[in-house]
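Chemist: Fold the following, please.
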Amino acid sequence: MGDYVLIILSDDKDLQNFVSKRIVDSGQTASKFDHPEYPGHAAFIVKTPEELVKKEAESWGFLKRDEKGLKREYLGSQHDLFEPPYESQGNVKSLFSPSEVSYITHELLKRIKMKEVPDNFPRSKSGVLPSDSMLLALERVEIVECWPLHCNADERSTAWKVGPIKRSFCDHVEHYFGSNVSLYFAWLTNYITWLIIPAVAGSCVFLYHYLHPDINVDNSMVSPIYTFFIVIWGVLFVKSWDRDCASHVCDWGINAVKWRREVRSGYYGRKRISPVTGMPERYFPPQDRLFRYSVSACVTILMLILAFFVMVISLNLQGYIHKYSYSKNYLLYTSISWLCDEGEYFDPTGKGPMPSLLLYIPVILHVVIIQVLNKIYQVVAIKLTNWENHRSPTQHENALYVKRFFFEAFDCYIALFYLAFVENDIVLLRKELVSLYTVDSIRRLSTETLIPLITRKASRAIASKEKDSNCNERIDKDYDKDSYEQFDDYLEMIIQIGYVTLFAGAFPLAAPLSVICNILELYSDIFKLTYITRRPIVHRITDIGVWSTLVKGIVLLSVFTNLYIFCFTSEQLMTYAPSFFEVIPLEAEEALKSGSDHVHVIADGAGMAVATTMMSLEHIVLFLVAVIWITVPETTPSVEDELARREYVKFLTSHGTNSVTGISLMTMDSSNIEKSEGTDNEE
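Modeler: Got it, this is the predicted structure:
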């Protein structure tokens, strides 16, 4: 269930034997096979014996249901008292899930120490210490590949067969892939569920505008109500996920895992004696990292300037920057903007040649170039983050994710922010938002699953060379697959949340369209995990980490962006307070460029009133956000009670308590508690 493949990218037989011996000495088994492609290189299938799994499960504090159906920490001495809920290969009942066995196998591999450093062992720039993990030392010199092998087809495809619409779907994903993957799917299903309400509201707003042709997102009195609703919805969604996440990790028993200090394989520094373990370790002073942070920031800013330039070119090609724009003096490039003149190739009014085709080329080019820039910055960000030399894998991942998110979010949002807050044109904002959203959704659904599936099948069909007879079939099947990259899955959804919340009044249909796209994304992602990518390494995490913080940041930012659009970018405030503004008609050519025959400006003497209105609304909305944030707890009472019960059971077990009171409290379930509370209330 939790077999790992360990590939040594070296034909050094002594090194291969050293690795094999260290694995066997740790209590695991290592079966040696030939490398799927390179003769002389070795591949080991590492298994963990059942007795060692039991020992490690007790050490990590895994929670298991006992004969009374209550979850408590597993004890090897009481193994027969726990109910085996899983069927392993061969339909044999197992107490431990494939993800748990996989996690234990990987942790044991990481725990194997070098002890001695062979003379022929490759050297990294920071050297090799006897106390180093063998696996991390091999990763440091880049001569090892390690990943968990897929189980049999039935066990691997359980989540796919169950389907995302079933309540047990996330449990099946956690059972096989672990909480680091299942929490993504739990978050996505929670997001889709919560999107249904704004999807209905957004559809109603769209229908209202459709039935009233003289009303649009610019002058609608309904859009501000929808915008306010979306802002409050965003806060409730964030709090809902906190509670849902706590419930999931409680059900899966992840919160009972003990913390252990981890060191990243690429971490280097001067040698010192650890103040924690008393063993030799590497140490990199935090103050030395500050300079590297500043260099990373400078490089990122240069890349952002390049992305901004691409955005300017794109807006010129789409006709959004023209001779009447506010920024015409420094952002208008007449050498390319002429392509958007009336009757030319990219004429936005549709009067050019082949308008049904050529009109969308600038948007498609923009999306394609964004993807190219993102790939380039991905390489740059990895190198910068490696150079920053973070100690733990979590710190390293967070630093990398934050860099990539801000760059890719900048790519996606910069054109929208320009149209909303520089040009103050909600009509063009809506047009660009619809274009980017549509093209990006099609790109995402096609490139994530369909193209990789077709490419992999074609490459395997074309490859006619025979594999070595001693190559393991399971290794061969997994070797050609790509590793699972979870960053892209999260990023796409977070960017989408920005489309839904940051510009809610401009694109009410974003919510209903997102529900449809996300359902397809849900099936696409679990299909990709099951059949296209390698099985990911299991990490028993208790939350989605930095992604939750980024969602909260976007929701908070949406308060300010939507208020600005309400007061200045659109005429929505003018519909409620017409005396604050005056309307200036535009010339025919300028009206054709901007999409409206007039502009609204603040009336003389009304500037203070508009500013006061915006600040008052801002304070009211922020107050409501703060009230929701403070009053809605992050865990449900049932989760708090369950965690308290587990701590009590743990206390009784550790102290050997078998008193009648102890046993009665241990076996009291939630229904009995509710009955007792009801009785007390009656009295």
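Chemist: For Ile519, the count of nearby residues, please.
Modeler: Neighbour count for Ile519, taken as other CB atoms under 10 Å: 16. (Glycine included, C-beta is placed from N, CA and C.)
Chemist: With the one 10 residues further on instead?
Modeler: The local packing of Leu529 (other CB under 10 Å) involves 24 other residues.
Chemist: wait, doesn't it sit right on Ser182?
Modeler: No - taking CB atoms under 8 Å as the definition, Leu529 is not a contact partner of Ser182, at 10.6 Å.
Chemist: how about Ile273, phi and psi?
Modeler: Phi and psi for Ile273, reported as degrees, to the nearest 10, are phi -90, psi 120.
Chemist: oh, and call the first residue 36 from now on, that's how I've got it
Modeler: Happy to do that; since the first residue is 36 now, the last one works out to Ile308.
Chemist: Tally up the residues packed near the closest residue to it other than its chain neighbours, please.
Modeler: Distances taken as CB to CB, 6 or more residues apart in numbering place Pro315 nearest to Ile308, at 6.3 Å, with adjacent residues excluded. Pro315 is flanked by 13 other residues according to other CB under 10 Å.
Chemist: just Tyr359 next, same as before
Modeler: Counted with other CB under 10 Å, the burial measure for Tyr359 works out to 16 neighbours.
Chemist: so it sits right up against Val634, yeah?
Modeler: No - with contact defined as CB under 8 Å, Tyr359 and Val634 do not form a contacting pair (10.0 Å).
Chemist: Which of the helices or strands spans the residue nearest in space to the middle of the chain?
Modeler: The central residue of the chain, meaning the one whose C-alpha is nearest the mean C-alpha position (CA atoms, centre = their mean), is Tyr525 at 2.4 Å. Remark: Tyr525 resides in helix 521-536, with elements defined by DSSP states H and E.
Chemist: show me where the stretch 436-585 of the chain has helices.
Modeler: 461-480, 486-497, 508-514, 521-536, 545-562, 581-599 (DSSP state H, counting those that start in this stretch).
Chemist: List the contacts of His247.
Modeler: Counting by CB atoms under 8 Å, 6 or more residues apart in numbering, His247 touches no other residue.
Chemist: got a pLDDT number for it?
Modeler: In the predicted model, His247 carries a pLDDT score of 89.
Chemist: Let's have the helices of the stretch 436-585 of the chain in JSON lines, adding distance to Lys438 and mean pLDDT.
Modeler: Converted to JSON lines, the helices of the stretch 436-585 of the chain look like this (distance: least, CB to CB, whole Å; pLDDT from 0 to 100):
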{"stretch": "helix 461-480", "distance to Lys438": "21", "mean pLDDT": "84"}
{"stretch": "helix 486-497", "distance to Lys438": "25", "mean pLDDT": "58"}
{"stretch": "helix 508-514", "distance to Lys438": "30", "mean pLDDT": "82"}
{"stretch": "helix 521-536", "distance to Lys438": "11", "mean pLDDT": "92"}
{"stretch": "helix 545-562", "distance to Lys438": "23", "mean pLDDT": "90"}
{"stretch": "helix 581-599", "distance to Lys438": "11", "mean pLDDT": "94"}
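Chemist: Out of these, the one nearest Arg327 is which?
Modeler: Distances from Arg327 to each of the helices of the stretch 436-585 of the chain were compared using CB to CB; the minimum, 19.3 Å, belongs to helix 581-599.
Chemist: which residues does Lys685 contact?
Modeler: Contact analysis of Lys685 by CB under 8 Å, 6+ apart lists Arg107, Glu108.
Chemist: so it is in which element?
Modeler: Residue-wise, Lys685 maps onto helix 672-689 under DSSP H and E.
Chemist: which of the residues in that helix are buried?
Modeler: Val674, Glu677, Arg680, Arg681, Val684, Leu687 (16 or more other CB atoms under 10 Å).
Chemist: Tell me how far it lies from the chain's centre.
Modeler: Average the C-alpha atoms of helix 672-689, do the same for its chain, and the two points are 31 Å apart (CA atoms, centre = their mean, to the nearest Å).
Chemist: Tabulate the CA atom coordinates of it in CSV.
Modeler: Taking Å, rounded to 0.1, in the frame of the first residue of the first chain, the C-alpha atoms of helix 672-689 are listed here in CSV:
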residue,chain,number,x,y,z
PRO,A,672,-18.6,23.0,19.2
SER,A,673,-18.7,19.3,18.1
VAL,A,674,-15.0,19.5,17.0
GLU,A,675,-14.0,21.2,20.3
ASP,A,676,-15.9,18.5,22.3
GLU,A,677,-14.2,15.7,20.2
LEU,A,678,-10.8,17.2,20.7
ALA,A,679,-11.4,17.5,24.4
ARG,A,680,-12.6,13.9,24.6
ARG,A,681,-9.5,12.7,22.9
GLU,A,682,-7.3,14.5,25.3
TYR,A,683,-9.3,13.0,28.2
VAL,A,684,-8.9,9.5,26.8
LYS,A,685,-5.2,10.1,26.3
PHE,A,686,-4.9,11.2,29.9
LEU,A,687,-6.8,8.2,31.2
THR,A,688,-4.6,5.9,29.0
SER,A,689,-1.3,7.4,30.0
